[in-house]
Each structure stands twice: as structure tokens, then as C-alpha cells.
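In: Return a 3D structure for these sequence lines:
(chains A and B)
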Protein chains: 2
Amino acid sequence: MVRRQGVTAPLGFRAAGLTAGLKPSGKPDLALVFNEGPDLGAAAVFTKNQVKAAPVLWTAEIIKSRRVRAVILNSGGANACTGPEGFQDTHATAEAVASTLSNWGTETGPVEVAVCSTGIIGERLPMYKILAGVTEIVHEMGGGLEGGTDAAWAIMTTDTVPKQVALHHPGGWNVGGMAKGAGMMAPSLATMLVVLTTDAKVAPAMLDTALRRATALTFDRLDIDGSTSTNDTVLLLSSGASQIEVTQEELDAAVFAVCDDLAVQLQNDAEGVTKRCSVTVTGARTEDEALAVARTIGRDSLVKTALFGADPNWGRVLAAIGVAPVVIDPNTITVSFNGSAVCVDGTGVPGAREVDLSGDRIDVVADLGLGDAEATIRTTDLSHAYVEENSAYTT
Amino acid sequence: MVRRQGVTAPLGFRAAGLTAGLKPSGKPDLALVFNEGPDLGAAAVFTKNQVKAAPVLWTAEIIKSRRVRAVILNSGGANACTGPEGFQDTHATAEAVASTLSNWGTETGPVEVAVCSTGIIGERLPMYKILAGVTEIVHEMGGGLEGGTDAAWAIMTTDTVPKQVALHHPGGWNVGGMAKGAGMMAPSLATMLVVLTTDAKVAPAMLDTALRRATALTFDRLDIDGSTSTNDTVLLLSSGASQIEVTQEELDAAVFAVCDDLAVQLQNDAEGVTKRCSVTVTGARTEDEALAVARTIGRDSLVKTALFGADPNWGRVLAAIGVAPVVIDPNTITVSFNGSAVCVDGTGVPGAREVDLSGDRIDVVADLGLGDAEATIRTTDLSHAYVEENSAYTT
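Out: Numbers count the residues shown, from 1 in each chain, chains lettered A, B, ... in the order given. Below is the predicted model of the structure:
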């Protein structure tokens, strides 16, 4: 796994990133990922939020063909809650990308262009800047085969570092990816945009299977603040350029590895994070129940502030478990922090208050004592920096 | 409504509060409410948390007789997650109150003594201090008819002010009450202890009806941080000392008024509060759906940090509505802050970002455009002070 490379690590992909002027800061805000083929396979998963941004509505529609030539992504504006005009803006952006690519020599229809946006909800995008940026970015992409890193920079919002990763399979094929997302992260994918690429030779249905399996165990289990975005999109594109056919199992493993690595990068850079935390629930009746309890613990403001304070306040973990949407037995719950048992069978262990949580990682394990199923989510603490960042986001 | 008086405002009740030494601070931590009769009617509602503290288990059992002579309350320790020994401690406390009252001339059985505790979860109570305190507090209570205010002080934890209220009905009967609770407040009563008293002549079944109706609309709709305590208890005691018989409707109205006033006091003193917020959802299909959406908005960390920042970021309200457990239509949602529409039919209104939220009250109204039902919850912002207070609670 190489983190200096991203979506352009696999053969057959070009990318670019530049400043279109959408962000007041003047930082890069427009990115393009282009699939040279020969295959144009694509799969996607989207936010489960009922309020979906225009680019999500658009991309969910065009992905039905399982064919994507290019992905245009912007930061500096989510284009969510912008009405029919916002949807027109997304459509116009896809049209502009398609016609510019066609002029540039690659015949492309707008329905082959996926669109992703991220930023403030409720503002129209300045389309004259977007359209000028589209012309420029297609031109820039033509200039070289690399550009994945520029694209990863251009999709950042409150992220402090770009996130990308590449897996070079010993079999000679590759999977690459980039991601953005630092807050509004919750079960339904964690507010984020992710583009994954592979040069393996695979049927689009295999892409879809691999993507759903991987996201269910990675991005779907990243729960920073319980909030779910209107714009979450994860795309997986295949070029087939390696000419190497792979099995579903090989593809699953590689896509999972790339998603898992990006999920860790997202957790590490979450808004205001001072503690990277995992919450594992074992001894549940079913994996779904384990996951429901883990999410309840990981979202509890009192648990999260205790983690920030490095306070082994296991009582708050028990109180959170008690309101999870699962029938539990308070007398069979065992909790440990960083491997030290703090509560056994629902009662405190001597010395529990002295467990050292001063490091930057905290692993919480709660055994329900009800069965054999388990699940883990990744989360973070609730810090002053989180409050600071999110109380002054639009101002 | 008089806020200088509380549980001793109705005829037939005595109360006291003192320092038993449970709190390191040396502040008052033991309270007693005593019903002189002639009636000993009682009703109670408790936390819905599956992890219930020993005093909740005890009081839920003894309340089945609908007869309570005295309530002993302590702060400085929740006696939750303390195992069978913790339950024994609660039992021993009730025994001590009963035998001291019996010695003092009022024959009392332990099953006539309700017990409430609040404080840190998972620590055993220092019983030698509790038992010494019980003797002292019964003696102190004998010294005078007033003491409600002392009791209100003694049940405080992170509260900054005592909360009490009294309603003097023009018909010549009274309802009084006291409450504590500043954090871990959520749908299931908002971590708190409340004792209500009345000198009306009523059947215990009427008390139960009035209490359930009142709490459903007041304490159950106070949602500060989405966390639910192991110790929530609301008790309503009747002495019948006024000799005045009242109707169910009269009792309902009076108990509601007292609960509503105490709920406002709890909201005003919530941990770290800088903005007192109401979230009203209108235009829902049913009241339950309205309530579910209101709770989802009121618990969203990104909404709450925006409120702290006085930021009219209505997009976060829409994103929260979109993940509520209710089917909504994003295109029929209208949102206003402090009476100013910021979003109509799912799209922003010009000037929405300029709405002034700098005052200490913010009213959020979201109309779903689906029906005629509505519900309101009370909540607060998510501030630095909340994080500070809750990251250093046990240390």
C-alpha cells in the first residue's frame, strides 16, 4: 500500500486538480478523474440521507448504465438544497465536461460524466467559474499522466491532508483511491467523496459487489459525529488497462484494503480529533446488534467527551449501552479500555479509574455476554477543536 | 407559580437537606422529603435505560403499593452498576430511614421509603456516612416545617442553581416540586431527580395518570445531549392535607404546570448552555413522527455547534431531517430561525445567512409539509463549556 499514489496509480487513468475560484481561500477546488479505457466500468454507493444533493441525484441516475468516462468533483459548495436550478447546474457541468472531452478527442456523452460536490449546503455554485474551470482542467489533464495527487488536494474541505492510497497487486494489476471527509461523518458513509480506480479486467457487476462489500465494512463503520451528509458518494471505476482478469475474491480483497486504508486516513484527520478510537462490541446475538450497540456508544456525547478527557468513565459506556436499540442484560456486560478490564458483569473493577488513556488511541471493547457476534466502528473523541471548527464553519 | 418554594409548599410535607460528606466539595448531598399525611399516595416514572441504578430498581418495586411515606435522596454517587452490594446499600438506606422515622414517632416500613441517587456511575456509596446522615436528617426535619429549599440544594450535582417551584391553586390546594439535572439529559426523562408534592385529596391512580401525562410533554421532551441516565426518577406524592378533592383535569393541569416550569429551569441550567433552544416540527403526519424529527434535529452535533456559533446554517437542519427515522419529502421542508424563514420548500431563502441568532434563545421551526401534527422539544447548544465540563467530570 502506497500513500503517495492514488487514483492514477492504476493504468488507464488520468487526473487533475486546480483552483477554479470556488473557495474564498483560493485553494484548489476542482478535480477530474478520467478513464482512458479500454473499459469504462463503474459502480457507486451513495448517502442514505433522504435529503440528497443535486450531484448525488445526477450520479445515481447515470450510474445505472454502469459506464463512466469521467468524474468531475468540486469542493467549495455542496450544491445541496438548491432546487431544480441546482440540478440544472450539475447537468450543465456534466455537459461541459462531456463536450470539452469530445473536443479534446474523446467522444463523451454527459451521461458518462459523474459529478460530486462538497462544501456548504444551500448555496448555488458560481457556474461561470465551474465552466471555465472545466475547460482548463481537461486541458491540464492532457498534459501528463500524473495528477492524482492534485485531484486529492482539490477535493479537500476541512481536511488538513489529502488522502490517497494505491495497492499494487503482485498479479500485476492495481487499485488506487482518493478520499475527502473530515466531519458530518456517520453510518451512511461518512460525509465524504471517494473515487477508486482499478485497471483490472472485470465485469461492472463485480465492481458493484466488491464496492458494496468493502464500504459496508469500512466507510459505513466510520462514525465521527453521527451526522450524515447529503453528498456522500463512493465511486469505483475500472479501465481494464492491465488486461488482467481477476476473480471476485481478489477484487473484493483489494478494494477492501484500499477502502480500509482510506477510512483510517479519514479517521486520523477527523475534525477536532485528539483521540482515534475504536469501539468493538463482542458477545452480541447478531452482527447487526453488535453494530447497533457500537454505534450508540460511539455517538454518545458523554462517552466522547470522557475520551477527550482521557477519563476511563466506564459508567457512561454502560449508560449508552442501556439505551441502544437492542435488548441487553446489564449484569453480563464487561468493558475494557485499551485492554484493561474496567467493568465485569456490569460492576466496576478495582483500579478502573486509574487506567491510562493519555495516548492518542483508545480502544473500547464491550462484551454483552449474549452470543458470539461482534462488530467494530471507528470514531473519535468530542473535543474543543470539534466545537470550534463546527461553530464557525460558514462564517 | 412561585420559585422560592418547592416540595414543602403543599400542606403535610416536611423536608431537609444537609451535608453527609458524600461530595468531596463538602456541599450538601443528602435530602429527605417526608409526607405527614393523612394520605400517603404516590406515583412515579423512571428512566427507560435498560441499565438501571439500584435506587431505581428499589423504588420501582416499592411504588407498586402506591404508598410512600418518605423519599431519601443523595447526590455524590449514583449507586449504579454496583451489583447486588449496591442494591443492599439502597435497601439498608431505606431501612435506616424507616427505623429512624419509627423511633421519631411515625411508624414506617422500609417499603414506604423511596430512594433516589445521583452522581458518578459505578462507585459504591460510603454507607457509614449515609447512615449517619439519615439519623441527622430525620432529626433536622423535625425541627421545622420548611426545608424544601435545603433539600433542593442537596440534590444538585453539576447544577449551578437549585430548581423548585410551587403552584397555589385558587381552589385552596397546592402542588410543589424540586428537580436536579444538568447533563445526560435525553428522551427518557433527562437525567434527573424530581420530587413533586401535592396536598390535594386524590386517589393514587389519579396521581399516576397526571404524572404520566405531564412528564410525556415536559421532561420527556427535554433533550440536552441525547444521553439517558441510569437514575432518572420522578415522584409525585400526595398528602391530602388540604382536604380538598380535585378532578383529574385540575390535577393534570397543575402537575403539568409545575413539571413544565421545572423543565424550563433544567434547560436554563443545562451543562455548558449558552443558547436555550426549542425545536418545533410542524406539518408532520403524526405527533410521534414530529417528535422523532425534532429529537433528531435537537441531537445533531453539527446543528448544535452551529447554534453555539449563532450560525444560521439551515443546511445542517435539513441534513438532520433527512436521517430522521421518518419518511420525508426534501422538497416540502420549510425552516425558520427565530421566526425568519431561512429555507422554503427545501431551498434557501435570500438573506438566510444573515438571520441574527446572537441572543440567548433560538427557536427552530421545521415544517415538513406532510400533515397537521406537531411537537416541540427543548434543547441547548453544544458549547466549549459542555465539552469542558464533561471531559473532566470524574477527575
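In: Return the distance of stretch A:248-257 from the chain's centre.
Out: Its chain's C-alpha centre and that of stretch A:248-257 lie 17 Å apart, by C-alpha atoms, centre = their mean, to the nearest Å.
In: okay, now residue A:36: neighbour count?
Out: The tally of other residues near residue A:36 (other C-beta atoms under 10 Å in any protein chain shown) stands at 16. In short, each C-beta sits where N, CA and C put it, glycine included.
In: any idea how far it lies from residue A:177?
Out: Distance check for residue A:36 against residue A:177: by C-beta to C-beta, to the nearest Å, it reads 18 Å.
In: Poorly predicted segments of chain A, please.
Out: For chain A, the stretches flagged by pLDDT under 70 are A:143-145, A:182-191, A:225-227, A:392-395.
In: what secondary structure does the most far-flung residue of it relative to its centre sit in?
Out: With distances taken as C-alpha atoms, centre = their mean, the residue sitting farthest from the centre of chain A turns out to be residue A:350, at 40.2 Å. Using DSSP: H, G, I helix; E, B strand; the rest coil as the criterion, the local structure at residue A:350 reads coil.
In: what do you get for the one 3 residues further on?
Out: Following three-state DSSP, the label given to residue A:353 is helix.
In: Apart from its chain neighbours, what residue comes closest to it?
Out: By the measure of C-beta to C-beta, 6 or more residues apart in numbering or on different chains, the closest residue to residue A:353 outside its immediate chain neighbours is residue A:312, 6.0 Å from it.
In: May I ask you to confirm that the one you found is in contact with residue A:341?
Out: No. With contact defined as C-beta atoms under 8 Å, residue A:312 and residue A:341 do not form a contacting pair (10.9 Å).
In: Find residues that contact each of the two.
Out: With contacts taken as C-beta atoms under 8 Å, 6 or more residues apart in numbering or on different chains, the residues that reach both residue A:312 and residue A:341 are residue A:352.
In: more neighbours, the two?
Out: For residue A:312 and residue A:341, the more surrounded residue by other C-beta under 10 Å is residue A:312, and the numbers stand at 28 against 17.
In: which parts of stretch A:338-355 are buried?
Out: In terms of neighbour count (16 or more other C-beta atoms under 10 Å in any protein chain shown), stretch A:338-355 has its buried residues at A:341-344, A:346-349, A:352-353, A:355.
In: In the stretch 201-350 of chain A, which residue sits closest to chain B?
Out: residue A:315 (2.5 Å; C-beta to the nearest C-beta).
In: quick revisit: got the contact list for the residue nearest to residue A:353?
Out: Under the criterion of C-beta under 8 Å, 6+ apart, the contact partners of residue A:312 comprise A:306, A:337, A:342, A:352-355, A:357.
In: Please repeat the previous calculation with a cut-off of 10 Å.
Out: A:306, A:335-338, A:340, A:342-343, A:351-357, A:362, A:364, B:394-395 (C-beta atoms under 10 Å, 6 or more residues apart in numbering or on different chains).
In: ok, now residue A:83?
Out: By C-beta under 10 Å, 6+ apart, the contact set of residue A:83 is A:54, A:124, B:331, B:344-348.
In: Give me the neighbour count for the closest residue to chain B within the stretch 101-250 of chain A.
Out: Sorted by distance to chain B under C-beta to the nearest C-beta, the residues of the stretch 101-250 of chain A start with residue A:121, at 2.5 Å. Look at residue A:121: counted by other C-beta under 10 Å, it has 26 neighbours.
In: helix/strand/coil for residue A:335?
Out: strand.
In: For it, give me its contacts.
Out: Remark: with contacts taken as C-beta under 10 Å, 6+ apart, residue A:335 is in contact with A:297, A:312, A:314-315, A:317-318, A:321, A:341-344, A:346, A:348-349, A:352, A:364-367, B:81.
In: OK, contacts around the closest residue to it other than its chain neighbours?
Out: Spatially, and ignoring its direct neighbours in sequence, residue A:335 is nearest to residue A:343 (4.2 Å; C-beta to C-beta, 6+ apart). If a contact means C-beta under 10 Å, 6+ apart, then residue A:343 has A:312, A:314-315, A:317-318, A:333-337, A:349, A:352, A:366-367, B:81, B:121-122 as its contacts.
In: thinking again about what came up before, which residues touch the residue farthest from the centre of chain A?
Out: Listed by C-beta under 10 Å, 6+ apart, the contact set of residue A:350 is empty.
In: For it, what are phi and psi?
Out: The main-chain torsion angles of residue A:350 are listed as degrees, to the nearest 10 and equal phi -60, psi 140.
In: One more: residue A:390?
Out: Taking degrees, to the nearest 10, you get phi -90, psi -10 for the backbone angles of residue A:390.
In: burial measure for it, as a count.
Out: Residue A:390 has 27 nearby residues by other C-beta under 10 Å.
In: My understanding was that it contacts residue B:306; is that so?
Out: Yes. Taking contact to mean C-beta atoms under 10 Å, the distance of 6.9 Å between residue A:390 and residue B:306 places them in contact.
In: so what sits against both of those two?
Out: Common neighbours of residue A:390 and residue B:306, counting by C-beta under 10 Å, 6+ apart, are B:313, B:316, B:382.
In: right, and residue A:46 touches residue A:56 too?
Out: Yes. Counting by C-beta under 10 Å, a contact exists between residue A:46 and residue A:56, whose distance comes to 5.3 Å.
In: joint contacts of those two?
Out: A:231-233.
In: ok, of the shared contacts of residue A:390 and residue B:306, which one's closest to chain A?
Out: Using C-beta to the nearest C-beta, residue B:313 is the member of those that lies nearest chain A, at 5.3 Å.
In: And for that closest one, the neighbour number?
Out: 27.
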